[in-house]
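the following comprises the amino acid sequence and a computationally predicted model.
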Amino acid sequence: MKHTLSVLVEDEAGVLTRIAGLFARRGFNIESLAVGPAEQMGVSRITMMVPGDDQIIEQITKQLYKLINVLKVQDITEVPCVERELMLIKVNATSANRSEILELVQIFRARVVDVSEDSLTVEVVGDPGKMVAIVQVLSRFGLREIARTGKIALTRESGVNTEYLKSLQSKLQ
């Protein structure tokens, strides 16, 4: 199972290197990694997707807390969260299929950020499932390049689990 870890660290040189080294030494993989400033000055938030069972995640958490610059580690996998990724996709676009691609881009609430004679670059923001879906739909036109950020996430203060609500709604339909 993939777990989402939210780690608050002191914003100092070498922190990310120490965390990556910890994972490498213990043979753990990081599937997705996003780092940026947090709400407090001098603190950064690292959001990582890590495969493993609960025991492995508990071990990783304990090891992370041993690093001096780590302030807080939270497994937010089962916690109601707002999750987003950003992806840029460069897709082949001829005059014959450009309008069809533009329609698909609108359906996914994505936007075109660059146009050339034979390609379109599309910006997509959303949950990881949306990223997979739009790649699948646009792949028939020929994908030239893809750049994708790691997942970022914040817990929902409301406590509302939208994934649970979506599953209930689909059962009712």
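On my side now, so go ahead. Residues are numbered from 1 along each chain as shown.

can you list the domains in this structure?
In terms of domains, the chain is parsed into 2-75, 82-153 (source: automatic domain parsing).

now those in TSV, with distance to Gly159?
Using the backbone N, CA and C atoms, a C-beta is placed for each residue, glycine as well. Output for the domains of the chain, formatted as TSV (distance: least, C-beta to C-beta, whole Å):
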stretch	distance to Gly159
domain 2-75	15
domain 82-153	12
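
measure the nearest residue to Leu16 once chain neighbours are set aside to Met131 for me?
Excluding its sequence neighbours, the residue lying closest to Leu16 (C-beta to C-beta, 6 or more residues apart in numbering) is Val35, at 6.2 Å. The spacing between Val35 and Met131, counted by C-beta to C-beta, to the nearest Å, is 19 Å.

neighbour count winner among the two?
Met131 (22 against 18; other C-beta atoms under 10 Å).

which residue ranges of this structure form strands?
2-10, 32-37, 43-51, 70-75, 81-92, 111-115, 119-126, 143-148, 152-155 (DSSP state E).

can you count the residues close to the residue nearest to Leu88 when sequence neighbours are not counted?
Excluding the flanking residues, the one nearest Leu88 by C-beta to C-beta, 6+ apart is Ala147, at 4.7 Å. By the measure other C-beta under 10 Å, the count of residues near Ala147 is 10.

when you give positions from now on, start the count at 5
With 5 as the first residue, the last one maps to Ala151.

looking at it, Ala151 is touching Glu89, isn't it?
No - Ala151 is beyond contact range of Glu89, at 11.1 Å (criterion: C-beta atoms under 8 Å).

can you tell me which residues contact the residue nearest to Leu20?
Leu20, Ser48, Arg49, Ile50, Thr51 (C-beta atoms under 8 Å, 6 or more residues apart in numbering).

got the contact list for the fourth one?
This means Ile50. Leu9, Ser10, Val11, Leu12, Val13, Leu20, Ile23, Leu37, Ala38, Val39.
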